[in-house]
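Q: Let's see this in three dimensions:
(chains A and B)
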Amino acid sequence: MTKLTLRAALALTCLSMPMLAQADETLDVVAQFEIQAPEPSTSGYIFTRMGVAETLVNAHSDGTLTPGLATSWEVSEDGLTWAFALRDGVLFHDGTKMTADTVVNALEIARAKPGPLQTLPITGIAASEGTVTVTLSEPFAALPAFLAEFRSQILSPGSFAPDGTGVKIIGTGPYRITAIEPPLSLDASAFADYWGAAPHIADVSYTGVSRVETRALMAESGEAEFVFGLDPASVSRLNMLDTVEVLSVAIPRTLLIKVNAGHPFLNERDARRALSLAIDRTGIAKAVLRYPEGAGQLFPPSVAGWHDDTLAPLGQDVEAAKTLLRNLGWAAGSDGILRRDGARFELTLTTYPDRPELPLVAAVLEQQFRAIGVDLAINTTNSSEIPAGHQNGTLELGLIARNFSLIPDPIGTVLSDYVGNGDWGAMNWQNEGFTALVRGLARGEGGDAERAQAAGILQAELPIIPIAWYQQTLAVSDKVTGATIDPFERSFGLQTMRWAE
Amino acid sequence: MSAIVSRLVQALMVAILIGTATFVMMRSLPGDAAWRIAAGRYGYDNVDAAAADAVRAELGLDGPAHMALLQWLGDLVRLDFGNSLVTGQPVVDEIAHQLGASASLALVAVLLSLVIGPPLGILAGLRPGGRLDRALLVTSTGIKAVPQFLVALVLIVILAVQLRWLPAAGHGAARHFILPSLTLALGLAAVNARIARDAMARIADMPFWRFAQWKGLSERQTLLRHGLRNVSVPLITYLGLQFVTLVEGVIIVESVFGWPGIGHALVHAIFSRDVPMVQGTALVLGLGFVLVNAAIDLAIRHLDPRTAA
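A: Alright, predicted model coming up:
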């Protein structure tokens, strides 16, 4: 009995040995994202990034919109009717033709699920020969940018069950899925009838690996050619290797503190400014995130128009912070924590571990706030506690990472976060001047001057306290060339990559 | 026969207990389930009130708890595990896919541990206090004292990154099995080597062993004819207990190596309050425990007929 198992196990081990050093012709992509289901509303960003599914509109790395499955678009005089001219000769991976009807079908299904399309004043989406027409109840200039978001991807009608649930990903992209195994893997091959330039690398695979250490080791060992989402420690190590190149780009994502401006301690602007002045942004950026500098304002330089170079940057000044709080009637108690009318200046900072740097930054903030006499308790929990706490009013401070360009035009996020009652934006804060400016921008009135003015109001009022701008990093093996990194996180750019000679 | 019936009754009790216990525990966790499920579905960038409301409306989470439990037990009788709240896929499909990946990993790990542990243990047990025995004691205590994720990372750094013999992580080809199963196997072997060593030392000290050698059998013949069967009884009994260690190890090892197994699935399901998925996974693991123990009972009866009497 024992001998038999011994032999079986030995045979198994020996059998696997020759396969160890096997070379393969597949470009292996590794990232942290898990494939939940063949469902565009939840895992759609993996399919668009892998070049399987496409959207009507694309975005250039500088944020300008470019034609995708729609070759051009125009808006009527009153701003209420948008016509998108569809590209000719586009085939889905199942061989069926993309028509105006199939596009309308995909967009209507997307609009019925939670997502950005649901927030738009759309009254109807109609198909006519080669054109899709979207009608609105009020003008909305950023509509094309919303159609560049992953949930607006165009899939064939065969991708959906009768109730609209995604069952299969049949897109139009340069790569066609050959095997999909939720939650961790996907294989795809070049689609022979792709409308655009054929990709150079025929076979690609995607693997979801949730641990960042493991991803970095896969890059280091050459197991994966394209490894997305690295932590600062791994970047320094990978930078020392000759076989791997680390690419890095500033992305429109900001690390910030979401403030409950209705809280009795935080409803005065000077109290929020005092908290902001207590933060050593450069220290946090260098020590925790290993970036050269912190955020001087909410919008990073890559968010064209909204970033204003002339704005005085947010900085640290502990003495000024203490003075501001003293003027508001706060005085230090025996334990060094401020008190006013018998109330101790204690707040709970809620954050989530999905992004590993957040709890670390929270711990640093606890120290820095203590220096001005504010006692911070840290609650690291599920990410949904932030929007849930926003809704029921219990949130005090939240440490979050907010992306302004999941939709390539930040107006959508700005509108929902700072004008509407956005779950991830300002809380109990409204500003009429700001609202008027942003509403106007959404309708298509005004330009960069108005955007800078709106950003200036956020800087002065601090309904949120910016801390750092993110950088996205990825590691590419020297076995491939032509890799790029997309600041809008829409694509891995696999179709332009080649095997190195 | 009666043994099988009693095991079946045990399996039924386990099913009801596990189903109820996981349900009660998941319901009593703090936080709103609709929000947690929405965070699991849409991710932290996209979870908001609209998403949570859509989840609440779709799943009817506002209903009374006891009705949901009764419905689950009713579905269970019809062998219907329901659908995952996060992915919408049938739980039974997800478990089948993920259990397959975990079971094959666990099987390879157990086989590998049996190749490594017992032979060394038996050799050490034949010469108690010898050099091999002392070295084995130090090594197995050392391996057992190091957390499994560290063993995993050390193996990756040496075998995948430095020597480039094996892939660091991933799933699909046979070569992906080696590092995760070796990580698990080392932990198991560290213990079953000790069990084999103690059993061997005890048996080698018995009169029948000396008698066998006195009547002229070589040490090798004594071991093959009289030793192995005796050593295998405590070893196989202990294998049943190691199933627990294995399940525990699989959860950690799967997360380090990016292995799409049941441990990985269970952790994610708990985070996003995917109650049917947690119930299904826990149930399968619980029944697996009953099954493994039943199989071990049968094996022991076969090896040591005295226990059947």
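Q: tell me which parts of the stretch 51-200 of chain B are close to chain A?
A: Proximity of the stretch 51-200 of chain B to chain A (C-beta under 8 Å from any C-beta of the partner chain) is limited to residues B:51-52, B:54, B:86-89, B:94, B:97, B:108, B:111-112, B:114-115, B:118-119, B:153, B:156-157, B:160-161, B:164-175, B:177-178. Using the backbone N, CA and C atoms, a C-beta is placed for each residue, glycine as well.
Q: In ChimeraX, how would I select the buried members of these?
A: Buried residues among those (16 or more other C-beta atoms under 10 Å in any protein chain shown), as a ChimeraX selection:
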select /B:51,52,54,86,87,88,89,94,97,108,111,112,114,115,118,153,156,160,161,166,167,168,169,170,171,172,175,177,178
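Q: In helices, which of the residues of the stretch 51-200 of chain B next to chain A fall?
A: Among those, the ones falling in helices (DSSP state H) are B:51-52, B:54, B:94, B:97, B:108, B:111-112, B:114-115, B:118-119, B:153, B:175, B:177-178.
Q: Just give me how far stretch B:119-127 sits from the chain centre.
A: 26 Å (C-alpha atoms, centre = their mean, to the nearest Å).
Q: Mind checking the pLDDT average for that stretch?
A: On average, the pLDDT along stretch B:119-127 is 90.
Q: Can you give me the buried ones in that stretch?
A: Buried, per 16+ other C-beta under 10 Å, within stretch B:119-127: B:120, B:121, B:122, B:123, B:124, B:125, B:126.
Q: Residue B:274 against residue B:85, yeah?
A: Yes. If you go by C-beta atoms under 8 Å, residue B:274 and residue B:85 touch, sitting 4.8 Å apart.
Q: Spit out the residues that contact these two alike.
A: By C-beta atoms under 8 Å, 6 or more residues apart in numbering or on different chains, residue B:274 and residue B:85 have these common neighbours: B:37, B:40.
Q: In three-state terms, label the most centrally placed residue in chain B for me.
A: For chain B, the residue nearest the mean C-alpha position is residue B:247 (2.7 Å; C-alpha atoms, centre = their mean). For residue B:247, the secondary-structure state derived from DSSP: H, G, I helix; E, B strand; the rest coil is helix.
Q: Skip the chain neighbours and tell me the closest residue to it.
A: Once flanking residues are discounted, residue B:247 sits nearest to residue B:285: 6.0 Å by C-beta to C-beta, 6 or more residues apart in numbering or on different chains.
Q: how many other residues sit next to that neighbour?
A: Residues contacting residue B:285 under the criterion other C-beta atoms under 10 Å in any protein chain shown number 21.
Q: Would you confirm that it contacts residue B:263?
A: No. Residue B:285 is beyond contact range of residue B:263, at 9.3 Å (criterion: C-beta under 8 Å).
Q: tell me the average confidence for stretch A:147-161?
A: Throughout stretch A:147-161, pLDDT has a mean value of 95.
Q: Please point out which parts of it sit buried.
A: Going by neighbour count (16+ other C-beta under 10 Å), the buried part of stretch A:147-161 is A:147, A:148, A:149, A:150, A:151, A:152, A:153, A:154, A:155, A:156, A:159, A:160.
Q: Start and end of that stretch, how far apart?
A: Start-to-end span of stretch A:147-161 (C-alpha to C-alpha, to the nearest Å) is 22 Å.
Q: right, is that stretch up against chain B?
A: No. On the criterion C-beta under 8 Å from any C-beta, stretch A:147-161 is out of touch with chain B, staying 8.6 Å away.
Q: chain center to the helix or strand hosting residue A:450: distance?
A: Taking DSSP states H and E as the definition, residue A:450 sits inside helix A:448-461. Centroid separation for helix A:448-461 versus its chain: 22 Å, with C-alpha atoms, centre = their mean.
Q: Show me the shaky parts of chain B.
A: B:1, B:307-309 (pLDDT under 70).
Q: cool, and the stretch 301-450 of chain A?
A: In the stretch 301-450 of chain A (pLDDT under 70), no residue qualifies.
Q: Can you list the residue ranges for strands in it?
A: A:331-332, A:338-340, A:343-344, A:346-351, A:375-380, A:397-403 (DSSP state E, counting those that start in this stretch).
Q: Please identify the most buried of those strands.
A: strand A:397-403 (a mean of 23; mean count of other C-beta atoms under 10 Å in any protein chain shown).
Q: ok, the buried residues of stretch A:147-161 vs chain B, which is closest?
A: residue A:151 (8.6 Å; C-beta to the nearest C-beta).
Q: Show me what from the stretch 51-200 of chain A comes close to chain B.
A: Going by C-beta under 8 Å from any C-beta, the residues of the stretch 51-200 of chain A near chain B are A:113, A:114, A:115, A:118, A:119, A:165, A:181, A:182, A:183, A:184, A:185.
Q: you'd agree the last one is up against residue B:173?
A: No. Judged on C-beta under 8 Å, residue A:185 makes no contact with residue B:173 at a distance of 11.8 Å.
Q: which strand in chain A runs the most residues?
A: For chain A, the longest strand by residue count, based on DSSP state E, is strand A:244-259.
Q: That one pairs with which strands, and in what direction?
A: Here strand A:244-259 is paired, per DSSP bridges, with strand A:397-403 (antiparallel), strand A:464-477 (antiparallel).
Q: Residue A:308 is nearest to which of those?
A: The minimum distance between residue A:308 and these falls on strand A:464-477, with 12.9 Å, by C-beta to C-beta.
Q: Which helix or strand lies directly C-terminal to that closest one?
A: Later in the chain than strand A:464-477, the nearest helix or strand by DSSP H and E is strand A:480-481.
Q: Run through the neighbouring helices and strands of that following strand.
A: strand A:498-499 (3 or more C-beta pairs under 8 Å, 6 or more residues apart in numbering or on different chains; DSSP states H and E).
Q: Domains of chain B: list them as residue ranges, please.
A: B:2-91, B:92-308 (automatic domain parsing).
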